[in-house]
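> need the 3D shape of this:
(one chain, ligands or ions: 1)
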Amino acid sequence: MCGIVAYIGDKPALPILLNGLKRLEYRGYDSAGVSVLGAASGRIETVKSVGKIRALESKISGMGDGGAKPDLDGVIGISHTRWATHGEPTVANAHPHLSADGRIAVVHNGIIENYATVKKILESEGVKFVSDTDTEVIAHWISRFYEGNLGEAVQEALKSLEGAFGLAVVCEAEPDVLIGARRGSPLILGVGEGESFLASDVSAVVEHTQKIVYLEDDDVVEITRGGFSIRNVLRQPVRRETLEIEADLEIAKKGNFPHFMLKEIFEQPEALRNCTRGRLLLDEGNAKLAGLDNSMRELRSIDRVIITACGTSYYAAMVGEYLIEEWAGIPVEVEYASEFRYRNPIIGANTLIFTVSQSGETADTLAALKEAKRKGATVLSICNVVGSTIARAADGGVYLHAGAEIGVASTKAFNAQVVVLALVALLLGRQRRLSFEQGIEITRALGALPGLVEETLKLSDEILSIAGDYYTCANFLYLGRHYHYPVAMEGALKLKEISYIHAEGYPAAEMKHGPIALIDANMPVVIVAPKDALFDKVVSNAMEIKARGGRLIMVATGDSAPLDKFASHIIRIPATLPALMPVLASVPLQLLAYHIAVLRGNDVDMPRNLAKSVTVE
Ligand code: G6P
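Model (predicted):
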């Protein structure tokens, strides 16, 4: 979703800003823009364009010398990639937005909920709006309070703005000051030598500095070339720790892969090794999760678990539900964070809440976490991004250690989430009903998973040739039972996200209650049917599909007769414990979606309309 990069220092700001925006491209956006305080002109110079950052760069380089060429040579500036909320993706709606006199420029991530009220006041005072955005309101509103001190004006303006924001603000009259503010939307401060950065996440600044301050809600930071100070909205000074993070310069490199998504699919064995490293107690048949150490006594007494998440993380949570119920015997509910936050959920004294989020920034998941804490619950987070807002807001938690995930469609994070949930289920199970022997069997199986994923990845070419037969289809149905029901849901989501083919996931037996009406030769059915206790039931579903002329793509293990004779294609994957099969079964579905999307000529890493990190509700 929207990305912010801002710079103040002694180097040319423009290349730093454009480069930072490229690092944030993965978040998803539809237009981009930059404002620099021109060194010679002393004016805020702004260039914006629709589409990719490449388009913004060509626009800038295509601007002729003389009057038409803006003075973008300054050493302070702000920039933005916009994911449209209020108003279409147009140049006028792209950020930065300027005050009416052009002297204050603002970039914003989030939504100002009372923008209509504020806009009405401003219009009654004669302000003319040039965009449909809520952000333009902020620029005019700050300008309204400006009396020679930008920091004070931002503080004053924020008092009456409701909603979520990450902001970066510059002012023509104060070339040595950059202001940042956050409430709800992520914003970090990068602290360099004589230079500082504001950004939506660390990937935009990590090549310049590894010293990071994670701003908290209601922080307003005033940055000069000599340092920074943070105050809260009550104007009280607040201290925030400056953390030294690891520089991962490989973050945004595809290596030999044509797309980040394919790279990340193939990184899964490594991601799972990193995710389980040091966490499997093979001699005790147990898991050790340092982030839960402080909660061990509490974990013993819980009698109900709620897992809340969005998107792919929600499907991982569904697998988690089955795992925890089966291994630990604790009732689990999984709920969309967007529902949980407004539903007034019942949370008992012994209810434990997990939030699952790759980015750790998803607005609905964060709000669900806050709602649960408000009701007195302990909330543990399962996040990939270290230091993310959700990870910091939780009472404890477990990181995935899956490495940066850039492709908008989540792949390696999904499987790492399933594995972390399996570790949690094992730990809870060993506190309760799992025997030593069962624990040993599970730890061994978890240890062997990365190797089995490696084997599964060898099917990529075979899956590419299957994709060749189906990539022009308009609809797909995905079916699975028990552990494979969430896998079917996730498989359908992957296809939708990147191929734009309509796809539905269903519990296999539910097919007869509706979707069966859709089945014909033009609607391929992907059926996830490893040999397990429910295999014979899936055979019946396959027969029903075949009887209606449907085409079946089957994900199977070992001996899958008698299903073989019904299937048009069989993708044979290795086997492990039924409870861990989702990890292996999801891999061919990721590859199928990927190859189909590539054959359709789609931008796999940045699919239309989607964002990697959804920081608005
Ligand atoms: C967006 C992303 C999905 C992701 C979902 C939840 O929709 O495109 O890939 O599953 O948000 O994100 P989270 O970071 O909370 O897992």
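> who does the helix-or-strand element of the chain with minimal mean pLDDT touch, helix- and strand-wise?
Here the helix or strand of the chain ranked lowest by mean pLDDT, DSSP states H and E is helix 535-547, holding a mean of 84. If you count contacts as 3 or more C-beta pairs under 8 Å, 6 or more residues apart in numbering; DSSP states H and E, helix 535-547 packs onto strand 525-528, strand 552-557. (Each C-beta comes from the backbone N, C-alpha and C, glycine too.)
> for the closest residue to E88 other than its chain neighbours, phi and psi?
Spatial nearest neighbour of E88, chain neighbours left out: D132 (7.4 Å); criterion: C-beta to C-beta, 6 or more residues apart in numbering. The phi/psi pair for D132 (degrees, to the nearest 10) reads phi -100, psi 10.
> pretty sure D132 is touching A84, no?
No - contact criterion C-beta atoms under 8 Å: D132 and A84 do not qualify, at 9.4 Å.
> higher neighbour count, the two?
Counted by other C-beta atoms under 10 Å, D132 and A84 do not tie: A84 has more neighbours, with 17 against 13.
> run the chain-centre distance for stretch 331-341.
Chain-centre distance of stretch 331-341: 18 Å, with C-alpha atoms, centre = their mean, to the nearest Å.
> now do stretch 264-282
Going by C-alpha atoms, centre = their mean, where stretch 264-282 is centred and where its chain is centred differ by 20 Å.
> got the buried residues for it?
For stretch 264-282, burial by neighbour count (16 or more other C-beta atoms under 10 Å) applies to 264-269, 271-272, 274-276, 279-281.
> repeat that for stretch 430-439.
430-431, 434, 439.
> which phi and psi does the closest residue to K128 other than its chain neighbours have?
Distance criterion C-beta to C-beta, 6+ apart; nearest residue to K128, sequence neighbours excluded, is A100 at 6.8 Å. Backbone geometry at A100, expressed as degrees, to the nearest 10, gives phi -60, psi -30.
> what does A181 give?
Dihedral angles (degrees, to the nearest 10) for A181: phi -150, psi 150.
> so what's it up against?
Each residue near A181 by C-beta atoms under 8 Å, 6 or more residues apart in numbering is listed here: 154, 158, 165-167, 169, 187, 219-221.
> for the residues you listed, which one is nearest Y399?
Set against Y399, the nearest of those by C-beta to C-beta is L187 (21.1 Å).
> leaving aside the residues next to it on the chain, what's closest to the closest one?
G166 (3.8 Å).
> tell me the mean pLDDT for the helix or strand containing that neighbour?
In the assignment (DSSP states H and E), G166 maps to strand 163-171. Strand 163-171 comes out with an average pLDDT of 95.
> please apply the same query to stretch 44-56.
So the average pLDDT for stretch 44-56 ends up being 95.
> show residues contacting that stretch.
With C-beta under 8 Å, 6+ apart, stretch 44-56 has contacts from 18, 21-22, 25, 30-38, 59-60, 63, 70-72, 74, 81, 89-91, 94-96, 98, 102-105, 170, 172.
> measure it end to end?
Stretch 44-56 has its terminal residues 17 Å apart, counting by C-alpha to C-alpha, to the nearest Å.
> would CSV of the contacts of A181 with distance to the ligand and neighbour count be doable?
Below are the contacts of A181 laid out as CSV (distance: C-beta to the nearest ligand atom, whole Å; neighbours: other C-beta atoms under 10 Å):
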residue, distance to the ligand, neighbour count
V154, 29, 25
L158, 26, 20
F165, 19, 23
G166, 16, 26
L167, 22, 28
V169, 27, 28
L187, 17, 28
D219, 22, 20
V220, 26, 24
V221, 25, 24
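> pLDDT score for the residue in the stretch 1-150 of the chain that the ligand sits nearest to?
Nearest residue of the stretch 1-150 of the chain to the ligand: G28, at 7.2 Å (C-beta to the nearest ligand atom). Note on G28: pLDDT of 82.
> what count of nearby residues applies to it?
22.
> that one and P89 touch, don't they?
No - G28 lies out of contact with P89 (C-beta under 8 Å); the separation is 11.6 Å.
> residues touching the residue in the stretch 451-600 of the chain that the ligand sits nearest to, list them.
Residue nearest to the ligand within the stretch 451-600 of the chain (C-beta to the nearest ligand atom): E497, separated by 6.9 Å. Contact analysis of E497 by C-beta under 8 Å, 6+ apart lists 408-409, 593, 607, 610.
> what do you get if the cut-off is 10 Å, keeping everything else the same?
Applying C-beta atoms under 10 Å, 6 or more residues apart in numbering to E497 gives the contacts 261, 311-312, 407-410, 503, 593, 597, 602, 604, 607-610.
> same check, this time on Q417
Q417 neighbours (C-beta under 10 Å, 6+ apart): 275, 309, 312-317, 319-320, 356-358, 382-384, 398, 400, 402, 410.
> you'd agree it is in a strand?
No - per DSSP: H, G, I helix; E, B strand; the rest coil, Q417 lies outside any strand segment and is helix.
> can you read off the pLDDT for it?
In this model, Q417 carries a pLDDT of 98.
> separation between it and M1?
Distance, Q417 to M1, by C-beta to C-beta, to the nearest Å: 20 Å.
> G87 now?
15 Å.
> what about these two, which has more around it?
M1 (26 against 16).
> report the longest helix in the chain, please.
helix 436-457 (DSSP state H).
> what residues does this structure put near the ligand?
310-313, 357-359, 362, 365, 408-410, 610-614 (C-beta under 6 Å from any ligand atom).
> out of those residues, list just those in strands.
S357 (DSSP state E).
> V206 contacts E244, correct?
No - counting by C-beta atoms under 10 Å, V206 does not reach E244; the two are 11.4 Å apart.
> ok, back up a step: so can I have CSV of the helices and strands packed on helix 535-547 showing mean pLDDT, distance to S196 and mean neighbour count?
Below are the helices and strands packed on helix 535-547 laid out as CSV (pLDDT from 0 to 100; distance: least, C-beta to C-beta, whole Å; neighbours: other C-beta atoms under 10 Å):
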stretch, mean pLDDT, distance to S196, mean neighbour count
strand 525-528, 96, 50, 28
strand 552-557, 95, 50, 23
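> cheers, nothing more for now.
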